[in-house]
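> Need a 3D model of the sequence below.
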Amino acid sequence: MKTAITITRYFGIFMLFIGVVLNLKMYLLVESPTYMFTILSFFGILLIGISYLMKPKS
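Next comes the predicted model:
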């Protein structure tokens with residue numbers, strides 16, 4: 001169970017990082033706005049939060 005928590009946490013950090021990078025790219029290059037990158041960031045935050053709420057089996 002501990003590996004599932006670690007995988008969830010790292011995948012959440014990865015999703016958050018990708019969402020932030022794509023959002024910054026969109027704003028810096030003045031591209032048309034889309035909410036997909038923001039949703040990706042929130043999904044990453046959600047995964048990180050879930051990973052902290054999961055309890056490892058003892």
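
> shaky segments in this structure?
By pLDDT under 70, the weakly predicted segments of the chain are 1, 57-58.

> which residue is nearest the centroid of it?
The residue lying closest to the centre of the chain (CA atoms, centre = their mean) is residue 44, at 1.7 Å.

> measure it to residue 30 for me?
Remark: distance between residue 44 and residue 30 (CB to CB, to the nearest Å) = 24 Å. C-beta here means a position set from N, CA and C on the backbone, and glycine is covered the same way.

> Kindly report the same for residue 20.
Separation of residue 20 from residue 30 (CB to CB): 18 Å.

> higher neighbour count, these two?
Here residue 20 and residue 30 are compared on neighbour count by other CB atoms under 10 Å; more neighbours surround residue 20, at 15 against 7.

> which SSE is the more buried one in?
Taking DSSP states H and E as the criterion, the element that holds residue 20 is helix 2-28.

> contacting residues around the nearest residue to residue 50 once chain neighbours are set aside?
Ranked by CB to CB, 6 or more residues apart in numbering and with sequence neighbours excluded, the top spatial neighbour of residue 50 is residue 8, at 6.3 Å. For residue 8, the residues meeting the contact criterion (CB atoms under 8 Å, 6 or more residues apart in numbering) are 47, 50-51, 54.

> In ChimeraX, how would I pick out whichever of those are buried, leaving the exposed ones unselected?
The following ChimeraX selection, which keeps only the buried ones among the contacts of residue 8, applies the criterion 16 or more other CB atoms under 10 Å:
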select :47,51
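
> Take the contacts of residue 8 and write them to TSV, including secondary structure and distance to residue 36.
Listed next are those as TSV, based on DSSP: H, G, I helix; E, B strand; the rest coil; distance: CB to CB, whole Å:
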residue	secondary structure	distance to residue 36
47	helix	16
50	helix	21
51	helix	23
54	coil	27
